[in-house]
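Student: sequence first, then the predicted structure, then my questions.
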Amino acid sequence: MANFDLNLLPIALAIFEERSVSAAARKLDMSQPAVSVALNKLRIALGDPLFVKTGRGMQPTPRAITLIGPTREIMQRVHSDVLTTDQFTPATTTKRFVLGLSDFGELMLLPRLLARLRDEAPHASVVTVMPAAEELVGALESGAVDLAIGYFPHLKQRNFFQQRLLSQDFVCLLRAGHPLQMQRISLEHYQAAGHIAVNGEGRDEPLCERFLLRRKIRRRVTLSTAHFMAIPLLVATSDLIATVPRAFGEFVARFSGIRLVEPGFEMPSMDLKQHWHRKYHKDGGNAWLRGLTATVFAAGTELVPSQSSSQRSSCNLASGARL
């Protein structure tokens, strides 16, 4: 088997179907001498003449006839399973897409994504998970998670692609009757107040905290929570301040009893990105989902400032550029 040339099999099949060496050569886009040489190699390898020249063309021997069935099956399998690229069809797919999202990411993405899925892939479904940082790397590599969307600075290994979807700065949330009634909170008042911090896997709070510490800005954290969605009620029922990404702040500020206040000092910005493993860069379903996600963010003016999102998500996902 180690010395057998599998490239000879398509030539035998062509001769069987055409009953002529010259016709087989034309079908294979080869020269007639090259086909003759290949046939001779196959005869030597199998110890049989395989094809005998008669008045009715090249007739197969019994050994050749037993060879043709498996050869035709092999060629069909190679064509269908190896050479043919699976085409992903959103309208008929029943695929279950798994997204690595925080509750903040769910708020930003899921309502609009589900609306688009309902229109373009009505039989598909979505599952959201938020594994620990080290588990997320393995889940993306294994395909257990299709995309991770959010702030994931640890996904910088060269086996991952990423695309920036939008950039967010930070704002403060205070209850309507908060003692601080200013439109821009000063650094002095910010440091003196009590704060709510959001901490947990995949959260952006450490980014904000590190930024403040580098500038020697210390705040008094009275409460730490793992969930963004706990913030509206906590802010509305206390004098605590929550420092959150702007899109989330603008959403929460729509509820009565909560105000959005600009910080009167420099705050960091956060890039929201989608990440995928290079193993699935050419996967049809994954590529389609990435494109849909980018489109959703580009058009999502309800929760995200339109200028920021459209400028940040205009690059082509198919290129897979690392940003």
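Tutor: Sure, I can see it. Residues are numbered from 1 along each chain as shown.
Student: need the pLDDT of Pro111.
Tutor: According to the prediction, Pro111 has pLDDT 87.
Student: so it, which of the three states?
Tutor: Following DSSP: H, G, I helix; E, B strand; the rest coil, Pro111 is assigned to helix.
Student: over to the one 3 residues further on?
Tutor: Three states are possible here, and by three-state DSSP the one that applies to Leu114 is helix.
Student: just the strands from the stretch 1-150 of the chain, written as ranges.
Tutor: 51-54, 57-60, 96-100, 125-129, 147-150 (DSSP state E, counting those that start in this stretch).
Student: what sits closest to Gln274 if chain neighbours are left out?
Tutor: Distances taken as C-beta to C-beta, 6 or more residues apart in numbering put Ile149 closest to Gln274, at 4.7 Å, once the chain neighbours are dropped. For every residue, glycine as well, the C-beta is placed using N, CA and C.
Student: can I get the helix or strand hosting Glu250 as CSV, trimmed to CA atoms?
Tutor: Using DSSP states H and E, Glu250 sits in helix 246-252. Extracted in CSV, the C-alpha atoms of helix 246-252 (Å, rounded to 0.1, in the frame of the first residue of the first chain):
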residue,chain,number,x,y,z
ARG,A,246,-22.0,54.4,28.5
ALA,A,247,-24.4,52.2,26.5
PHE,A,248,-25.5,50.5,29.7
GLY,A,249,-25.8,53.8,31.5
GLU,A,250,-27.9,55.3,28.8
PHE,A,251,-30.2,52.3,28.9
VAL,A,252,-30.6,52.4,32.7
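Student: outside of it, which residues touch it?
Tutor: 104, 107-108, 166, 168-173, 228, 231-232, 235, 244, 258, 260, 303-305 (C-beta atoms under 8 Å, 6 or more residues apart in numbering).
Student: change it to 6 Å
Tutor: Outside helix 246-252, the residues within contact range by C-beta atoms under 6 Å, 6 or more residues apart in numbering are 104, 168-169, 171, 173, 232, 258, 260, 303-304.
Student: what's the farthest-apart pair in those?
Tutor: The largest distance within the contacts of helix 246-252, taken as C-beta to C-beta, falls between Asp169 and Pro232 and amounts to 19.7 Å.
Student: give me the domain ranges for this protein.
Tutor: Using automatic domain parsing, the domain parsing of the chain gives 8-83, 96-166+270-319, 169-269.
Student: mind checking how far the longest one is from the chain centre?
Tutor: Average the C-alpha atoms of domain 96-166+270-319, do the same for its chain, and the two points are 6 Å apart (C-alpha atoms, centre = their mean, to the nearest Å).
Student: rank the domains of the chain by pLDDT, which is bottom?
Tutor: In terms of mean pLDDT, the lowest-scoring of the domains of the chain is domain 96-166+270-319 (a mean of 80).
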